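Visitor: no FASTA, just this:
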């Protein structure tokens, strides 16, 4: 039973447009959600997070939205840049953000 | 501090051999985590330490796997009697507080032939 799901394995967008990456979870105990970005041959790097008491968190071009009733979160990247091309992982945790349950990732390609 | 360091980066071993990986976390981080990632999947939690104490182990961590963090600094992950199914990327991560993001190393890619 996969508790965190990213249903789109890949996404392709044009440079300058918005990228929207989606994530669904099943465990209502999760209280902290994170997005990590991963380039080939590197470990995941933290991008942005959101606590379950909030519904939105923004950091520059990146915004994460949380809909607790739907158990759904999304990452918006505006505007998208070619350097954003990477695998994006959604992760969820409760009580310890370092111990997270990850989705299988979405590969984002931003075309110049 | 250059971040979380893992050695070796790559390891090829024959089935049945033992292997050991090392992780050096960010120096001020007291929590250290091991994850495993296979192709096309996200990282899966294996175990974590707070200082030298191993506080949690996933059921994924069979009795062939053992992890230590003897002085609360670096950690080792040993796999005994390796099997082909152990082939994966082994990731180490660390953080300082309960609800802060984890910083990941580049991983050790294990191939069991």
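Guide: Perfect, I can see it now. These numbers were taken from a predicted model, which means no experiment stands behind them.
Visitor: what about the least confident helix or strand in chain B by mean pLDDT and chain A, touching?
Guide: Averaged element by element with mean pLDDT, DSSP states H and E, chain B has its least confident helix or strand at strand B:53-57 (a mean of 94). Yes: judged by CB under 8 Å from any CB of the partner chain, strand B:53-57 comes into contact with chain A at residue B:56. To be clear about C-beta, it is placed using only N, CA and C from the backbone, and glycine gets the same treatment.
Visitor: neighbouring strands - and their directions - for the helix or strand just after that strand?
Guide: Once the chain leaves strand B:53-57, the next helix or strand it forms, by DSSP states H and E, is strand B:65-68. Its sheet considered, strand B:65-68 pairs with strand B:75-79 (antiparallel) by DSSP bridges.
Visitor: so which bits of stretch A:93-111 are buried?
Guide: A:93-94, A:96-106, A:108, A:110 (16 or more other CB atoms under 10 Å in any protein chain shown).
Visitor: among those, find me the one that's closest to residue B:96.
Guide: Nearest to residue B:96 among the buried residues of stretch A:93-111 is residue A:98, at 9.3 Å by CB to CB.
Visitor: who touches the closest one in this structure?
Guide: With contact set as CB atoms under 8 Å, 6 or more residues apart in numbering or on different chains, residue A:98 has these partners: B:31, B:33, B:48, B:93-95, B:98, B:100-102.
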